[in-house]
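Peer 1: Sharing a model that was predicted from the sequence below.
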Amino acid sequence: MLDNEDHLLENHPRELTQNPLKKIWMPHKNSHIGHRRVCMTNCPTLIVTVGLPARGKTYISKKLTRYLNWIGVPTKEFNVGDYRRECLKIYKSFEFFRPDNEEGVKIRRQCAMSALNDVRQYLSVEGGQVAVFDATNTTRDRRGTIMKFAEQNGFKVFFVESVCEDPEVIAQNIVQVKLGNPDYMNCSSEEAIEDFMERIKCYETSYQPLDEDLDSDVSYIKIMDVGRRYLVNRVVDHIQSRIVYYLMNIHITPRSIYLCRHGESDLNIKGRIGGDSGLSSRGKEFAKHLRSFLEEQKIKDLKIWTSQMKRTIQTAECLGVPYEQWKSLNEIDAGVCEEMMYEEIQEHFPLEFALRDQDKYRYRYPKGESYEDLVQRLEPVIMELERQENVLVICHQAVMRCLLAYFLDKTSHELPYLKCPLHTVLKLTPVAYGCKVESVYLGVESVNTHRDRPENVNVQRSTEDALQTVPAHL
Amino acid sequence: MVGLPARGKTYISKKLTRYLNWIGVPTKVFNVGQYRREAVKTYKNFEFFKPDNEEAMRIRKACASAALKDVAAYFTKEHGQVAVFDATNTTRERRAVINSFAKEKGYKVFFVESICDDPDIITENIKQVKFGSPDYIDRDIEEAMSDFIQRIECYKASYMSIDDEKDRKLSYIKIFDVGSRFLVNRVQDHIQSRIVYYLMNIHVTPRTIYLSRHGESELNLLGRIGGDSGLSPRGLKYADALAKFIRGQNIKDLKVWTSHMKRTIQTAEALGVQYEQWKALNEIDAGVCEELTYEEIQENFPDEFAMRDQEKYRYRYPKGESYEDLVHRLEPVIMELERQENVLVICHQAIMRCLLSYFLDKSADELPYVRCPLHTVLKLTPVAYGCKVESFFLNIEAVNTHRDRPANVSVSRKTEEALQTVPDHN
């Protein structure tokens, strides 16, 4: 630091400096006191699933992991079954799981230990905040081992137990996710189902569900009958409270979510970002095609959501059915860059333009927002999408990227570059552990608004380098 | 509500109602005890509640019916969305009556049962809220305690908790031991899901919330709204005074929250402790009016200025926000404040008005005019069914930034009328 800066600090010990990327104000010297990232957990959390096979533990683990990562909590799942498959290479039959199969028991215990070791590595060394330990964990003894492990390492433990006795749900579960499992690759469906039922029986006799009295000091949620009933015990902190809220809002009723952008707008044609313009004539054409598309799809009880910006509302109006406006679905606020072309941004704010290319997820427009901010404002939308069944969301490019990244488990690096072209509807259908995506282009021409990351993201780059990937416009 | 006396039903009813109204869901409490006090002017003793007291039973049943009738009127005539029926409702029979009533009218029912057998909690409860009750106004404390305990006994024999088997078709939440455990059954829709989330996050541990604005800023001095300026010299002095005040309060494990704006962070820096920045605490976005004086707003956007005075809560600045938008973005802050214990929130005028309105149950009409002067700390302590407020002006002069609603809010008003209530500035 220069001498006169020191002098400045003497007179103004509380001079702040603004981080150029995220526009966060911090004390000049970045002292140990002061700015702390909004952090949801003080110490790492170990989520432990509990339940017989085919009760949805892996479904819940993967979905919860996806949600936590999306809201910015580094989370990883550790599926003990995967460790066992690594170890055993070939699965013969359910006999492996018999409680009197000493060899089997030994291998399974080793796999659990190995997984816990990796959990420790992830939470203590790699900076993870939540680890999801996905296994049956059906005995109090096994759970006791895990709790001891957690205590030794300074992790909080939260159990998620899934209890279900409905034979139809279990059968449906087996068909959906077990038949495609590596364990059953070379079996017929009937053989696989039969073997799996025997496998479940191996666990049943020794199953000790979490008990209201015996486990009264343990933090857990017991999910009964796929979410009809919940028992929640001793939620101790913010992250556990969020996890409980999330788990209580998800469901497995089959449904589809349709995502699309507004029709092409007047500002789109001019290559200008943001603003609140109306639809171009092609955009209006798209809205009509969207209406036909929806009619063909014959969707039961479709809910339609838009933002509060003219272009999404105009698009919805063409559909001739009621729709709900959400301010949270508004496009990213580009602050001082609102309604500018990329060429103008490069001309007036070349530094900002470069910073954005360096870290597009975290970059916040001056007096505007970042993708990171968007995710936070979209979280209630995601929560309500989880509660709902068939929904069409008519939104904007950056918003659609965030929503899509949630459903398709994209990282924060990929998210800002997801392709969400105009006049294209994405149909998302939950299937097995993930989401099937069908992309339907509705046949109406439009400009391309996707700007890839250019090669040169250096602040000293030339104008041509900066504008290398700007899509064509009027 | 369902539960024996002194299980926190009224506490939960009032708090939940306050929360729902604040987030924009018109809600009202119907406390059957109050109807009873209307019907039976003077409360003699617990004998009224004996199960074999036929006369009393008749009165109590009539009161419950009267309350249900008012619930129906609230929904149909007053556009209410949620009614909280606050009574013991400890028998299956009584709950069946409510279910039939609701079914007939097409209302959804959600039961909230509070179960607690910890004698310490119950005693504390009785001390906090029963001694002050109209029923016990002329009694001494020991008499009141003894009578109330016998009152509880009257209910115990016939108390049938919601049954997990027999009542499995009902929608309900059971709260055990003041929130240590919950049983949730058949949440039907969005509002029930929000209610459950809220109930699972509140607690009764004594604690204090401190609300303050940033110290006076450079733009404050110039009478300009919004922006992201630093503290004025007086503002810096306030920050030091705040630090001294907080140290003097000797608060255990105080969390400090600021917005992302320079002026709140500069204020927090003086405290010398860790603080957390929340973007959600940023001041209301005045859109095209950012950094303007009121005089300039009147000059450039007289219609907007008038419309804002007409309905300050719902008015949204062009390319900016409304108070209504603020409440929506502050909801996660309120939820986390409920979870926390001792917290100091350093924020902004409009933000502080929204937060204060939540704690003090102010209506949407009052909210945008709640007084939140600079250099003044508000100390909020939950007590009985509400919140005690203590105001501490830390003796550092500052401009006044409070603009009252002027007499003339018509778009055709003169400039002097529009600027009638603008506070002084440089």
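Peer 2: Here it is on my side, so go on. Predicted, not measured: the structure shown is a model, and the values here were computed from it.
Peer 1: how near is the residue nearest to B:Val178 when sequence neighbours are not counted to chain A?
Peer 2: In this structure, B:Val178 finds its nearest non-sequential neighbour in B:Val204, 5.7 Å apart by CB to CB, 6 or more residues apart in numbering or on different chains. For glycine as for every other residue, the C-beta is placed from the backbone atoms N, C-alpha and C. Separation of B:Val204 from chain A (CB to the nearest CB, to the nearest Å): 15 Å.
Peer 1: What lies in contact with the lengthiest helix in chain A?
Peer 2: Determined from DSSP state H, the single longest helix within chain A is helix A:102-120. Counting contacts by CB atoms under 8 Å, 6 or more residues apart in numbering or on different chains, the residues outside helix A:102-120 that touch it are A:46, A:78-80, A:83-84, A:86-88, A:95-99, A:131, A:133, A:135, A:142, A:146, A:149, A:153.
Peer 1: show me where the stretch 51-200 of chain B has helices.
Peer 2: Using DSSP state H, counting those that start in this stretch, the helices of the stretch 51-200 of chain B run over B:54-76, B:92-105, B:119-125, B:141-156, B:190-201.
Peer 1: and A:Asp14, what pLDDT?
Peer 2: Actually, residue A:14 is Arg. It isn't Asp. You'll see A:Arg14 listed with a pLDDT of 65.
Peer 1: What's the local residue count around B:Val288?
Peer 2: 13 (other CB atoms under 10 Å in any protein chain shown).
Peer 1: Surely it forms part of a strand?
Peer 2: No - counting by DSSP: H, G, I helix; E, B strand; the rest coil, one finds B:Val288 to be helix, located in no strand.
Peer 1: That one: what's it in contact with?
Peer 2: Going by CB under 8 Å, 6+ apart, B:Val288 touches B:Phe301, B:Tyr317, B:Pro318, B:Lys319, B:Gly320.
Peer 1: so what are the domain limits for the chain?
Peer 2: Here I'm looking at chain A. Per the TED database, the structural domains of chain A span A:45-248, A:257-468.
Peer 1: Wait, chain B was what I had in mind.
Peer 2: Split into domains by the TED database, chain B comes to B:9-200, B:209-419.
Peer 1: rewinding a little: Serialize the contacts of B:Val288 to a markdown table and add fields for secondary structure and pLDDT.
Peer 2: A markdown table is the format used below for those (DSSP: H, G, I helix; E, B strand; the rest coil; pLDDT from 0 to 100):
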| residue | secondary structure | pLDDT |
| --- | --- | --- |
| B:Phe301 | coil | 97 |
| B:Tyr317 | coil | 97 |
| B:Pro318 | coil | 96 |
| B:Lys319 | coil | 94 |
| B:Gly320 | coil | 96 |
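Peer 1: who wins for neighbours among the residues you listed?
Peer 2: If you count neighbours using other CB under 10 Å, the busiest of these is B:Tyr317, which has 21 neighbours.
Peer 1: from what I can see it touches B:Ile297, true?
Peer 2: No - counting by CB atoms under 8 Å, B:Tyr317 does not reach B:Ile297; the two are 9.5 Å apart.
Peer 1: what is in contact with these two at once?
Peer 2: Residues touching both B:Tyr317 and B:Ile297 (CB under 8 Å, 6+ apart) are B:Cys289, B:Glu304.
Peer 1: Alongside chain A, which residues does the stretch 101-250 of chain B contribute?
Peer 2: Along the stretch 101-250 of chain B, the residues adjacent to chain A under the rule CB under 8 Å from any CB of the partner chain are B:164, B:168, B:180-187, B:190, B:193, B:196-197, B:200-201, B:228, B:230-231, B:236, B:239.
Peer 1: Using PyMOL, define a selection of the buried residues within those.
Peer 2: In PyMOL syntax, the buried subset of those is picked out as below (16 or more other CB atoms under 10 Å in any protein chain shown):
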select buried, chain B and resi 180+181+182+183+184+185+186+187+193+196+197+200+201+228+230+231+236+239
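Peer 1: Which ones among the residues of the stretch 101-250 of chain B next to chain A lie within strands?
Peer 2: Members of these lying in strands (criterion: DSSP state E): B:Arg181, B:Phe182, B:Leu183, B:Val184, B:Asn185.
Peer 1: Out of these, the closest to B:Leu68 would be?
Peer 2: Within these, the smallest distance to B:Leu68 is 22.9 Å, found for B:Asn185 (CB to CB).
Peer 1: Disregarding flanking residues, what is the spatial nearest neighbour of B:Ala72?
Peer 2: B:Lys105 (6.0 Å).
Peer 1: on that earlier part again, so which of the contacts of B:Val288 is the closest to A:His423?
Peer 2: Using CB to CB, B:Lys319 comes nearest to A:His423 of the contacts of B:Val288, at 26.9 Å.
Peer 1: what number of residues lie near the nearest residue to the closest one once chain neighbours are set aside?
Peer 2: Closest residue to B:Lys319 apart from its sequence neighbours, by CB to CB, 6+ apart: B:Gly287 at 3.6 Å. Using other CB under 10 Å, B:Gly287 has 14 neighbouring residues.
Peer 1: Now do the same for B:Gly287: its pLDDT.
Peer 2: Taking B:Gly287 on its own, its pLDDT is 96.
Peer 1: One more: A:Lys29?
Peer 2: The confidence metric pLDDT takes the value 64 at A:Lys29.
Peer 1: now swap in A:Asn181 and tell me
Peer 2: Note on A:Asn181: pLDDT of 86.
Peer 1: What separation do you get for it and chain B?
Peer 2: 32 Å.
Peer 1: that older thread, can you give me the distance of the residue nearest to B:Val178 to B:Asn395?
Peer 2: Note on B:Val204: its distance to B:Asn395, by CB to CB, to the nearest Å, is 35 Å.
Peer 1: The ones in strands among the residues of the stretch 101-250 of chain B next to chain A into a markdown table, with extra columns for pLDDT and distance to B:Val2?
Peer 2: Supplementary listing: these in a markdown table, determined by pLDDT from 0 to 100; distance: CB to CB, whole Å:
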| residue | pLDDT | distance to B:Val2 |
| --- | --- | --- |
| B:Arg181 | 97 | 16 |
| B:Phe182 | 98 | 14 |
| B:Leu183 | 98 | 12 |
| B:Val184 | 98 | 14 |
| B:Asn185 | 98 | 13 |
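Peer 1: Can you say which of the domains of chain B is packed in most?
Peer 2: Among the domains of chain B, the stretch with the highest mean neighbour count (mean count of other CB atoms under 10 Å in any protein chain shown) is domain B:209-419, at a mean of 19.
Peer 1: can you confirm A:Val132 is in a strand?
Peer 2: Yes - A:Val132: assigned to a strand according to three-state DSSP.
Peer 1: tell me which element the closest residue to it other than its chain neighbours falls in.
Peer 2: Counting by CB to CB, 6+ apart, A:Val132 lies nearest to A:Glu77, which is 4.1 Å off, once chain neighbours are set aside. Per DSSP states H and E: A:Glu77 is located in strand A:75-79.
Peer 1: Packing partners of that strand?
Peer 2: Counting contacts by 3 or more CB pairs under 8 Å, 6 or more residues apart in numbering or on different chains; DSSP states H and E, strand A:75-79 is packed against helix A:57-70, helix A:102-120, strand A:130-134.
Peer 1: Mind giving me the packing neighbours of the shortest one?
Peer 2: Using 3+ CB pairs under 8 Å, 6+ apart as the contact test, the elements touching strand A:130-134 are strand A:45-50, helix A:57-70, strand A:75-79, helix A:80-88, helix A:102-120.
Peer 1: Next, the angle helix A:102-120 makes with the very next helix or strand once past it.
Peer 2: Sequence-wise, the next helix or strand downstream of strand A:130-134 (DSSP H and E) is helix A:140-153. Relative orientation of helix A:140-153 and helix A:102-120, computed by axes from the mean of the first three to the mean of the last three CA atoms, to 10 degrees: 30 degrees.
Peer 1: host element of B:Val256?
Peer 2: strand B:255-258.
Peer 1: Columns mean pLDDT on top of the helices of the stretch 51-200 of chain B, output as JSON lines?
Peer 2: Compiled in JSON lines, these are given as follows (pLDDT from 0 to 100):
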{"stretch": "helix B:54-76", "mean pLDDT": "96"}
{"stretch": "helix B:92-105", "mean pLDDT": "96"}
{"stretch": "helix B:119-125", "mean pLDDT": "91"}
{"stretch": "helix B:141-156", "mean pLDDT": "92"}
{"stretch": "helix B:190-201", "mean pLDDT": "97"}
